[in-house]
Structures are given as structure tokens and as C-alpha cells.
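Participant: how would this look folded up:
(one chain, ligands or ions: 1)
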Amino acid sequence: MYTYALKGTIAYTPEREHFLIRENTYLVCENGKVAGTYDKLPPHLAGIEVHDFGNAFIIPGMCDIHVHASQSPFQGIGQNIENGKWNTWFDRYAFPDEAKFRDPAYAKAAYTDFVKKLQTTPTTRVCAYATSDIEATHILMDILNEYGFAGYVGNVSMDRNCNPELLRSTEETLHETRIWLEKCKNGVGAVYPIITPRYFPTCTEVSLAGLGKLAQEFQVPVQSHLSESRDEIAWVKSIDPTLAYYAQAYERHGLLNGIPCSIMAHCVFSSKAEQEALKRNHVLVAHCPQSNLNSSGMTAPVLQYLDEGIEVGLGTDVGGGNTLNLFKTIFEAVLSTKIDRANGMAEQKKRILSLPGAFYLATKGGGILWKSGSFEKDYCFDAVVIDDSRIKDRNQRTVYERLERIISLSDDRDIVRKYINGREVYRKGA
Ligand code: FE
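Facilitator: Reported below is the predicted structural model:
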């Protein structure tokens, strides 16, 4: 690694409610970390290599903290099921598609498609679900690493209530998870393992207890789903009527306090007691606004979580969501609080999530896992360069308006470069 600088219009959110936007600014990288931002390079940095992007924007790489890589092949399909039940989407789309990953050739091709799509989004880090096939999980880790990505990948544990191709016995799922952790506990490049019970209905008590022990033994994080829909919560309650709240099914086995933390997706219908458990265990909530609307037509009380000091990041939840581009998710996170406001939900009547607030969740919010998502000193040097000339209009716009328009309108065509841990991983046209 060496010291160099990117120059352009840098934009990031050191705090949740405010963009810091500076034009003609140097963003200096030293050994894969942010060394500082400067209007003029100081003497000790004179002569370093500078990549000048003119008035293009340079933003922190974004963190998609809930995405099913194995559902990417059917992205955009299956979100308009009429009169479906809770299981219809799984039985018709998710489970049959995930079963295809048993074939390593298919897994390699499909995961390569996924990672290539990810390459032209603002995302630099993921918390991804693979499938219950260990070989395919290794393949996903390898491909993410090959393309320079950082993050966590989970082999999905299921020992009940799924289709036969994905089902493992309790012994198998625990044994395979242990072998996998032993093999990749030190990471494949910057891609690390994460314990992944799909969710309570697909995991027996014995497997959850075993996974909790593995999480502690290997000091790894945990990801799962929580309180996504009322049907799901009713199902959970019918499986174990003694639960005071859904998250207790994870908490009692040490799965809510993974290391550095556990990531729980959705939390749309979390009760007060469950919210206290989230806070007590320092859980990072993966807010997936589009997927929430697709599945239940509901919104998660994200402003309330933030008020209460619960950590929140953003997830696309492909294929429950239909975009891998977190700019869209930012937009949807704001929209979903407008729905809350219109519906007069008690605490949220007068407020919406601000644009910088949603941007913060996509960057520094989820980035709490890695100390990424900001251009403050010593943060991971993840940067995305975006040229907005394709989407400009004939009027003079402020830098804030230009950034707002990038979030609303830009796509893969506008991503010029991408850097992860200081390394260039994508160059448009190369
Ligand atoms: Fe999900």
C-alpha cells in the first residue's frame, strides 16, 4: 500500500443529520485508511500521486448489511403474488432457487453475476446470505474477494421447515458450520464468515444453541431475520408459546450479541420488550424499507429506533427487495417515513428521515461493523467516484442538489471508480 489522494467534490456524513460537502478537496489514503481531507496538500504530503476527478463526487463506499446473494438470480420476480400465504414466496421462489446452488458450476456462474452487478453500485461492503451448501458458500466468499469486496458471508443454517434440498440434519448443520469456520475464520481476503440461522422457524432449539456456542467460540458476528411480518410472528409464537418476544429465541442462545455484533433484518413489528433486547445486546438493525413494503406493506419504526439509540444500517434484501443499489434504498428509507407520517404513527407524526440521515445509515450506520462509511481519519478507505454529468440539467445547481439528484437518479453508468481498503477495485470502461 502507498499514500495517494483522490481529488474532487467529497461528500459524507460524519453526523447523522448533516452532509459535509467540500469541492476541490483532497482525500488522502494511507495504508488502506483515510489519512485526512485537505483543501491544499500539506508539505509532508507534497508530491504524492493525485487522481483528480474534477467536480465529480467522491462518497464513502456503502454497506449493504442484508442481502441474499443466492436470491440475486430471481431479483425483480415474485413480489406480486396474489393471495399468497407466508410460505408462498419461499416455496415458489426462494427455496427452489437456492437449491440450484448445490451445483458448484451454477453457484460459480450465478455468484459471479451477483458480484458483477454489485460492482457498479455504490456498495463496497456486504453482509450476505449464501445457501445451506458449504461449497457454494466458499465459492461466494472467493468471488467477492476476487472482485475486491469486503464483508461477511453466511452459510445458511436450516434444520426444519424448508424444502428437502436445503434441509440439513441438526448434526450436519452444526458440523458443517464448524468445519467452515475453521477453514475461513481468518477471512478470505477481507471477506469473513458470519453465523447465519435463517430465522427461528427454520432452526431447531438444538441448532440455535449450537450456533450460539460456535459464535462465542470463534468470536464471529451473527445475522438473522426478526419480526418481519405478523404471520411470521404468529408462526414463531405457535412454535414456542413461552417466548416473551420473538428475539428471545435468539437471545437465550447467545445469538443476539455476536462479535462485533449481531445483525437483525427488518424488525418491523418489534415489541417494546424486543426493542429493549435489541438495545441491551447492541444489535445492529438492518433496515430494508423496500422489502418491508413488498412483504407486509409495512414500515419499520426506524426514527424511533434511532431516538432510542438502537444502531441501524440499510439492507437491500435482494430478492425480497428488487434493487442492489443502495441509493434506491436511501430514497425508500425516506419514503417509508413519509408513509409513517401520513398514517400518523404516534411518535413519527411530524418527522421524516432526512436525506443525510438515510445516507448516514447506508454508510456510517452499517459501517459500524468495520469502521467504514466515512472520510474521518482512520476509517477504512472505501470510496466511490460518481460523475453526474449524464444526469445534469441546464441550470446551476448547488452541490447539495447535485448530490440529491445522484441519489435519486444515478445508476451504474455514472460510477467511475471504486476503492475498497485503499485498493482500486473498479474502473469504468476498464
Ligand atoms: Fe432477508
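
Participant: Tell me which helix or strand comes right after the helix or strand bottoming out on mean pLDDT in the chain.
Facilitator: Sorted by mean pLDDT, DSSP states H and E, the helices and strands of the chain end with helix 88-89, the least confident at a mean of 88. Per DSSP states H and E, the first helix or strand lying C-terminal to helix 88-89 is helix 95-99.

Participant: And the contacts of that following helix?
Facilitator: Residues outside helix 95-99 that contact it (C-beta atoms under 8 Å, 6 or more residues apart in numbering) are Ser70, Gln71, Pro73, Phe74, Thr131, Ser132, Val156, Cys162, Asn163, Glu165, Leu166, Gly319. For every residue, glycine as well, the C-beta is placed using N, CA and C.

Participant: Which among those count as buried?
Facilitator: By neighbour count, with 16 or more other C-beta atoms under 10 Å, those hold Ser70, Gln71, Pro73, Phe74, Thr131, Ser132, Val156, Cys162, Leu166, Gly319 as buried.

Participant: So which of these is the closest to Lys237?
Facilitator: Of all those, Lys237 sits closest to Cys162, with 19.6 Å by C-beta to C-beta.

Participant: Could I get the phi/psi values of the residue nearest to that closest one when sequence neighbours are not counted?
Facilitator: Distances taken as C-beta to C-beta, 6 or more residues apart in numbering put Thr202 closest to Cys162, at 5.3 Å, once the chain neighbours are dropped. Torsion angles at Thr202 (phi, psi; degrees, to the nearest 10) stand at phi -100, psi 10.

Participant: show me the contacts for Thr202.
Facilitator: Going by C-beta under 8 Å, 6+ apart, the list of residues near Thr202 reads Ser157, Met158, Asp159, Arg160, Asn161, Cys162.

Participant: Make a markdown table from the residues you listed and add pLDDT and distance to Gln304 to it.
Facilitator: Converted to a markdown table, these look like this (pLDDT from 0 to 100; distance: C-beta to C-beta, whole Å):
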| residue | pLDDT | distance to Gln304 |
| --- | --- | --- |
| Ser157 | 98 | 31 |
| Met158 | 97 | 32 |
| Asp159 | 97 | 34 |
| Arg160 | 97 | 33 |
| Asn161 | 95 | 31 |
| Cys162 | 93 | 33 |
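
Participant: Can you tell me which of those has the largest number of neighbours?
Facilitator: Of the contacts of Thr202, Ser157 is surrounded by the most neighbours, 26 neighbours in total, counting by other C-beta atoms under 10 Å.

Participant: my guess is that one meets Ile194, correct?
Facilitator: No - counting by C-beta atoms under 8 Å, Ser157 stays clear of Ile194, with 11.3 Å between them.

Participant: Do you have the helices of this protein handy? List them.
Facilitator: Using DSSP state H, the helices of the chain run over residues 88-89, 95-99, 104-119, 134-146, 170-184, 205-218, 230-239, 248-251, 272-280, 289-296, 302-307, 326-342, 355-360, 399-409.

Participant: so which of those gets nearest Glu17?
Facilitator: helix 355-360 (5.8 Å).

Participant: ok, now which ones touch Asn316?
Facilitator: In this structure residue 316 is Thr, not Asn. By C-beta under 8 Å, 6+ apart, Thr316 lies in contact with Asp64, His66, Val67, Cys288, Gln290, Ser291, Thr323, Leu324, Asn325, Leu326, Lys328, Thr329.

Participant: Just the pLDDT at it, thanks.
Facilitator: Predicted confidence (pLDDT) for Thr316: 98.

Participant: can you check Glu347 too?
Facilitator: Glu347 carries a pLDDT value of 59.

Participant: ok, now Met1?
Facilitator: Per the predicted model, pLDDT is 60 at Met1.

Participant: circling back to that earlier point, which of the contacts of Thr316 tops the neighbour count?
Facilitator: Cys288 (32 neighbours).

Participant: Distance of it relative to Gly321?
Facilitator: 6 Å (C-beta to C-beta, to the nearest Å).

Participant: tell me, what's touching the two both at once?
Facilitator: Taking C-beta under 8 Å, 6+ apart as the contact rule, Cys288 and Gly321 both touch Gly315, Thr329.

Participant: Report the contact partners of Thr37.
Facilitator: Ile10, Arg22, Thr25, Tyr26, Leu27, Val28, Phe375.

Participant: For Met264, state which of these is nearest.
Facilitator: Nearest to Met264 among the contacts of Thr37: Phe375, at 28.1 Å, using C-beta to C-beta.

Participant: Quick check: nearest residue in space to the closest one, chain neighbours excluded?
Facilitator: Phe375's closest residue in space is Tyr12 (C-beta to C-beta, 6+ apart), at 4.7 Å.

Participant: Where does the prediction get shaky in the protein?
Facilitator: The model of the chain has pLDDT under 70 over residues 1, 344-350.

Participant: returning to that earlier point: in CSV: the buried ones among the contacts of helix 95-99, plus distance to Leu226.
Facilitator: Output for these, formatted as CSV (distance: C-beta to C-beta, whole Å):
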residue, distance to Leu226
Ser70, 20
Gln71, 18
Pro73, 25
Phe74, 23
Thr131, 20
Ser132, 20
Val156, 15
Cys162, 18
Leu166, 20
Gly319, 19
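
Participant: out of these, who's nearest Glu217?
Facilitator: Val156 (19.5 Å).

Participant: For beta bridges, what are the partners of the closest one?
Facilitator: Thr196 (DSSP bridges).

Participant: Does it touch Tyr129 like I think?
Facilitator: Yes - taking C-beta under 8 Å as the definition, Val156 is a contact partner of Tyr129 at 5.6 Å.

Participant: tell me, what's touching these two both at once?
Facilitator: Common neighbours of Val156 and Tyr129 (C-beta under 8 Å, 6+ apart) are Ser70, Thr196, Arg198.

Participant: ok so, going back, next, the residues that contact the least confident helix or strand of the chain from outside, please.
Facilitator: By C-beta under 8 Å, 6+ apart, the list of residues contacting helix 88-89 reads Gly78, Ile81, Ser295.

Participant: OK, contacts around the last one?
Facilitator: Going by C-beta under 8 Å, 6+ apart, Ser295 touches Trp89, Glu228, Ser229, Gly320.

Participant: just curious, which of the residues you listed is nearest to Tyr2?
Facilitator: Taking C-beta to C-beta as the measure, Tyr2 lies nearest Gly320 of those, at 41.4 Å.

Participant: neighbours of that closest one, just the number please.
Facilitator: Using other C-beta under 10 Å, Gly320 has 28 other residues around it.
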